[in-house]
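*Asks:* next comes the sequence, and after it the predicted model I'd like to discuss.
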Amino acid sequence: MKIMKFMFILFVSLAIGACDSDDDNNTNNGNNGNNSENTNGGGNNNGGDNGDNGNGGNDTPTAYTQTALSEAPVWQIDWNNDQESPNWTEPDGTFYENWTILRVQIEDELQPYVSADDLMAVFVNGELRGLASPATSLSGEQTGKEKFIIKVWGNETETETVNISLQYYNKKLKHLFTLSDNITLDSDQTTGIDEVYIPQFTYGSPKYPEVKTVSVESLLTKVGITPTQDNMVSAFVGDECRGIATLSAGGNTSLVIYGRKAGESVTLKYYDAADGILYTIADAVKM
């Protein structure tokens, strides 16, 4: 009996979830008596010609505001959705000649929401070939991360190109994440057994189909803010936080922003922990 390898070459699009923050009332209006706010740049915050927004003629996308906070903001991505649990049935292995073992570790972003009612399924060309529930923490491992162990059945040859879909239903979030790709099967291999296999399910969210990655340092320096390692940054669309990151030591921090639709205007929020200042850059980027 041959063993097939399912190599998921996942497309990295751009996106991020909805988020709660305790700084929402402190950033734009200055109505909270415990906080002070300054507007910098002297420009027009409502759009207009970005070539001259009152910052000495520099090409800055917008002015920013500063708000003094008594404590650090708390930003949390909200991955809650309203999808019902799928009615999947375990495939009958007697109809297939080959199989492979797939061990899938849930990414850190979703680990807090893993429960015994979660489901993991593998589809090949639209046909259910493997099903697992619940996730488990394997004995002897140091990470303590939840993983799904799936036996995936098939009849394909190693030269046949197929469409693979890995689907994960999170019961607590009522959210079905889907990652798909066309691959060529490779026999006599396994996936996720001798190496860590962590699909980025947050890139396959129906709640946020638009995903964009931006350079945090680039956006901050454009408006005259000096980025500092270990400070926090977030992306907001309205009251929803759509991305969170911590600035890296190398100065090349990537912020993944999740959007509901193309063209959404994204506000960037940057917290300077040393000074207790929250910088808010309106219209920093478009989805």
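*Replies:* Noted; the coordinates are in hand. Numbering: from 1, shown residues only.

*Asks:* drop to CA atoms for contacts and neighbour counts, all remaining ones
*Replies:* Will do.

*Asks:* please enumerate the helices of the stretch 51-200 of the chain.
*Replies:* With DSSP state H, counting those that start in this stretch, there are no helices along the stretch 51-200 of the chain.

*Asks:* run through the stretch 1-150 of the chain and note the low-pLDDT ranges.
*Replies:* 1-62, 137-144 (pLDDT under 70).

*Asks:* please redo it, this time with the cut-off set to 90
*Replies:* For the stretch 1-150 of the chain, the stretches with pLDDT under 90 are 1-63, 97-104, 125, 134-147, 149-150.

*Asks:* the strands in it, which residues?
*Replies:* 4-5, 18-21, 37-40, 64-68, 75-78, 98-105, 119-124, 127-132, 147-154 (DSSP state E, counting those that start in this stretch).

*Asks:* so for residue 223, which of those strands sits nearest?
*Replies:* Proximity to residue 223 (C-alpha to C-alpha) singles out strand 64-68 among the strands of the stretch 1-150 of the chain, at 7.5 Å.

*Asks:* check which helices and strands the closest one sits against.
*Replies:* strand 37-40, strand 277-286 (3 or more C-alpha pairs under 8 Å, 6 or more residues apart in numbering; DSSP states H and E).

*Asks:* which residues does residue 147 bridge with?
*Replies:* Beta bridges link residue 147 to residue 105, residue 136 when assigned by DSSP bridges.

*Asks:* okay but it is in contact with residue 108, surely?
*Replies:* No - here residue 147 does not reach residue 108: they are 11.5 Å apart, not a contact under C-alpha atoms under 8 Å.

*Asks:* out of those two, which sits in the busier spot?
*Replies:* residue 147 (24 against 12; other C-alpha atoms under 10 Å).

*Asks:* on that earlier part again, can you list the helices and strands packed on strand 64-68 in a markdown table and add distance to residue 262 and mean neighbour count?
*Replies:* Below are these laid out as a markdown table (distance: least, C-alpha to C-alpha, whole Å; neighbours: other C-alpha atoms under 10 Å):
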| stretch | distance to residue 262 | mean neighbour count |
| --- | --- | --- |
| strand 37-40 | 29 | 16 |
| strand 277-286 | 8 | 22 |
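
*Asks:* one step back: and the strands of the stretch 1-150 of the chain as a markdown table, adding distance to residue 232?
*Replies:* Converted to a markdown table, the strands of the stretch 1-150 of the chain look like this (distance: least, C-alpha to C-alpha, whole Å):
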| stretch | distance to residue 232 |
| --- | --- |
| strand 4-5 | 39 |
| strand 18-21 | 13 |
| strand 37-40 | 19 |
| strand 64-68 | 15 |
| strand 75-78 | 9 |
| strand 98-105 | 26 |
| strand 119-124 | 33 |
| strand 127-132 | 37 |
| strand 147-154 | 29 |
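
*Asks:* nearest to residue 248, of those strands?
*Replies:* Nearest to residue 248, of these and by C-alpha to C-alpha, is strand 75-78 at 18.0 Å.

*Asks:* name the strands paired with the closest one and say parallel or antiparallel.
*Replies:* strand 18-21 (antiparallel).
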